[in-house]
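Undergrad: turn this into a model:
(chains A and B)
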There are 2 protein chains.
Amino acid sequence: MSKLNTFQSSLLDEAVRQAMKSWDEGGIPIGAAIGSERTGIVGAGHNQRVQTGDSTAHAEIDAFRKAGRRNDWFSMTLASTLSPCVMCTGATLLHRVPIVIIGEHNTFMGAEDLMRERGVELIVADDPRCIELMERFIDQRPELWNEDIGEPGAKGET
Amino acid sequence: MSKLNTFQSSLLDEAVRQAMKSWDEGGIPIGAAIGSERTGIVGAGHNQRVQTGDSTAHAEIDAFRKAGRRNDWFSMTLASTLSPCVMCTGATLLHRVPIVIIGEHNTFMGAEDLMRERGVELIVADDPRCIELMERFIDQRPELWNEDIGEPGAKGET
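TA: Residues are numbered from 1 along each chain as shown, chains lettered A, B, ... in the order given. Now for the predicted structure:
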């Protein structure tokens, strides 16, 4: 039985669609979506490092951007195909989003401890689609992946 | 005697210019700049919440964006007119920027403990220009300020 309810599943499905879209564009295959049962999905996005050259444009940040200015973040759920890094964790805490659905954390463990410490509820879906996308990406584009998670010596394009 | 060397002062001066520019545009008066003595300033920006409706566009994030894709973040210094919030702290940690100059932390205390805990060197400049800008802003636009730091019930524009 799935750990996710119907709305949460639809949020993760949208995140996966975003990740696939990014991969098809030659980008990093990580996607995210944010919303609530009341509002539906209000923002969805994907990593934009390759597409726009913006090192802050992780999927979760892109999804927040797409959602625009709101005053109901506290009622939202964020879904990401991958365990959120420390920057996206910070964005989650700043916006006071209380629930985060994580597609997978096998290929990369983000700042889950920090989110949990600050009271964010995490649901790890262990979704095979998310694992497969990341494994293929890390295998085929290791330099790009290291650049995205800030590994020293990773080759940027400057 | 100033706590800042010549390059660090020029970085904070640029952050202050950015903050003033944002205030003149009707926006939130927080600015940031990033660079090193070797490269000079590679990115400078300001809070863009009012100007673009992007809730992730804090000054520090805007400065990272302007700097583009790089592989030398570890040699950079980030200056912000205000103590960085938890999202901008996360961005600093992700990019592995080792030194952060903070214009002031009297009007708002960001996630300085988290940065220090993770080995970031912080230099608090106690700059009167930064304090004056923020005091005026918080006095004149309290709702906008609460929205920017994620206070529940702050009035967004949705």
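Undergrad: low-confidence ranges in chain A?
TA: A:1, A:152-158 (pLDDT under 70).
Undergrad: now the residue in it that chain B sits nearest to: how far from residue A:70?
TA: Per C-beta to the nearest C-beta, residue A:90 is where chain A lies closest to chain B, at 2.7 Å. For the C-beta atoms, the positions are set from N, CA and C on the backbone; glycine is no exception. Separation of residue A:90 from residue A:70 (C-beta to C-beta, to the nearest Å): 18 Å.
Undergrad: quick check: residue A:140 vs residue A:21, distance?
TA: Using C-beta to C-beta, one obtains 17 Å as the distance from residue A:140 to residue A:21.
Undergrad: before we move on, what about residue A:127?
TA: When C-beta to C-beta is the yardstick, residue A:127 and residue A:21 sit 17 Å from each other.
Undergrad: of those two, who's got more company?
TA: residue A:127 (22 against 15; other C-beta atoms under 10 Å in any protein chain shown).
Undergrad: and for the helix ranked longest in chain A, what's in contact with it?
TA: Using DSSP state H to define each element, chain A has its longest helix at helix A:6-24. With contact meaning C-beta atoms under 8 Å, 6 or more residues apart in numbering or on different chains, helix A:6-24 is reached by A:2, A:4, A:28-37, A:41, A:44-48, A:50-51, A:59, A:63, A:77, A:79-81, A:101, A:103, A:123, A:125, A:127, A:129-130, A:133, A:137.
Undergrad: please apply the same query to stretch A:82-93.
TA: A:30, A:56, A:58-61, A:64, A:78, A:80, A:100, A:102-105, A:107-112, A:114-115, A:118, A:120, A:124, A:130, A:134, A:149, B:56, B:85-91, B:93-94, B:111.
Undergrad: now do 7 Å
TA: The contact list for stretch A:82-93 (C-beta atoms under 7 Å, 6 or more residues apart in numbering or on different chains) reads A:30, A:56, A:58, A:60-61, A:64, A:78, A:100, A:102-105, A:108-112, A:114-115, A:118, A:120, A:130, A:134, A:149, B:56, B:86-87, B:89-91, B:93-94.
Undergrad: quick one on the thing from earlier: more neighbours, residue A:90 and residue A:70?
TA: Each of residue A:90 and residue A:70 has its neighbours counted (other C-beta under 10 Å); residue A:90 has more, 28 against 20.
Undergrad: which SS class is the more buried one?
TA: helix (DSSP: H, G, I helix; E, B strand; the rest coil).
Undergrad: roughly how far apart are it and residue A:14?
TA: Residue A:90 is 23 Å from residue A:14, by C-beta to C-beta.
Undergrad: likewise for residue A:43?
TA: 10 Å.
Undergrad: list the residues that contact both of the two?
TA: Here residue A:43 and residue A:14 have residue A:33 as joint contacts, going by C-beta under 7 Å, 6+ apart.
Undergrad: residues near residue A:12, how many?
TA: For residue A:12, the count of nearby residues is 27 (other C-beta under 10 Å).
Undergrad: skipping adjacent residues, who's closest to it in space?
TA: Spatial nearest neighbour of residue A:12, excluding adjacent residues (C-beta to C-beta, 6 or more residues apart in numbering or on different chains): residue A:79 at 4.6 Å.
Undergrad: element containing that neighbour, please.
TA: Using DSSP states H and E, residue A:79 maps to strand A:77-80.
Undergrad: what's that strand packed up against?
TA: Counting contacts by 3 or more C-beta pairs under 7 Å, 6 or more residues apart in numbering or on different chains; DSSP states H and E, strand A:77-80 packs against helix A:6-24, strand A:31-36, helix A:59-67, strand A:99-102.
Undergrad: what bridges to the residue nearest to residue A:12?
TA: residue A:33, residue A:101 (DSSP bridges).
Undergrad: right, and it touches residue A:33 too?
TA: Yes. The criterion here is C-beta atoms under 7 Å, and residue A:79 meets it with residue A:33 at 5.2 Å.
Undergrad: and these two? Which one has more around it.
TA: The neighbour count for residue A:79 versus residue A:33, taken as other C-beta under 10 Å, is higher for residue A:79 (34 against 30).
Undergrad: residues of chain A that sit close to chain B?
TA: Selection of chain A residues close to chain B by C-beta under 7 Å from any C-beta of the partner chain yields A:49, A:53-56, A:61, A:64-65, A:68-71, A:74, A:85-87, A:89-91, A:93-96, A:147, A:150, A:152, A:154-158.
Undergrad: got a ChimeraX select line for the buried ones in those residues?
TA: Burial among the residues of chain A next to chain B is assessed by 16 or more other C-beta atoms under 10 Å in any protein chain shown; the matching ChimeraX selection reads:
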select /A:49,54,55,56,61,64,65,69,70,71,85,86,87,89,90,91,93,94,95,96,147,150,154,156
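Undergrad: the one helix or strand residue A:45 maps to pairs with which strands, parallel or anti?
TA: Per DSSP H and E, residue A:45 falls inside strand A:40-46. Under the criterion DSSP bridges, strand A:40-46 sits next to strand A:31-36 (antiparallel) in its sheet.
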